[in-house]
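Participant: Predicted model follows, preceded by the sequence.
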Amino acid sequence: MPPGGEAAARQFYTAALGIPEVPKPVELAGRGGCWFELGPTRVHLGVEEDFRPARKAHPALLVEGLAAFVDGRGLAFRWADDLPGMVHGYVDDPFGNRIELIEAGH
């Protein structure tokens, strides 16, 4: 993420996606960025001065009740139909990084 993006990251990853922020280790806290973790899901955002969003490479998160999840959070979600039998789509974080959301169990 770009420098100074912590507030936007918290709004998206915690408020919109529901992944709580956890403290970064003391050794890394001075570098900026944010860590979000929920069970086995871990999203660690570091700061890059010359930041460019990841538009192709992306994390994929399993979501139970994907349609209701997306509707209930008002996400600008793009449904995909490129993989038969997989219910999924994409949303961009506030920095333009692509995040894939996949219906759990598919």
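Facilitator: Happy to help now that I have it.

Participant: from here on, contacts and neighbour counts on C-alpha atoms
Facilitator: OK.

Participant: Helices along the protein, start to end?
Facilitator: Counting by DSSP state H, the chain has helices at residues 6-9, 26-29, 66-73.

Participant: Gly39: which of the ones you listed is closest?
Facilitator: With C-alpha to C-alpha as the measure, helix 66-73 is the member of those nearest Gly39 (17.9 Å).

Participant: so for that closest one, what's the average pLDDT?
Facilitator: Averaged across helix 66-73, pLDDT comes to 94.

Participant: contacts for the lowest-mean-pLDDT helix or strand in the chain?
Facilitator: Lowest by mean pLDDT, DSSP states H and E among the helices and strands of the chain is helix 26-29, with a mean of 92. The contact list for helix 26-29, computed with C-alpha atoms under 8 Å, 6 or more residues apart in numbering, reads Pro23.

Participant: again with stretch 47-61
Facilitator: 1-3, 31-33, 41, 95-102.

Participant: Apply 7 Å and report the result again.
Facilitator: 1-3, 32-33, 95-102 (C-alpha atoms under 7 Å, 6 or more residues apart in numbering).

Participant: end to end, how far does that stretch reach?
Facilitator: 22 Å (C-alpha to C-alpha, to the nearest Å).

Participant: buried set for that stretch?
Facilitator: Residues of stretch 47-61 classed as buried: Val47, Pro53 (neighbour count, 16 or more other C-alpha atoms under 10 Å).

Participant: Now do the least confident helix or strand of the chain: distance to the chain's middle.
Facilitator: 22 Å (C-alpha atoms, centre = their mean, to the nearest Å).

Participant: coming back round to it: now list the buried members of the contacts of stretch 47-61.
Facilitator: Buried among the contacts of stretch 47-61 (16+ other C-alpha under 10 Å): Met1, Pro2, Gly32, Gly33, Asn97, Arg98, Ile99, Glu100, Leu101, Ile102.
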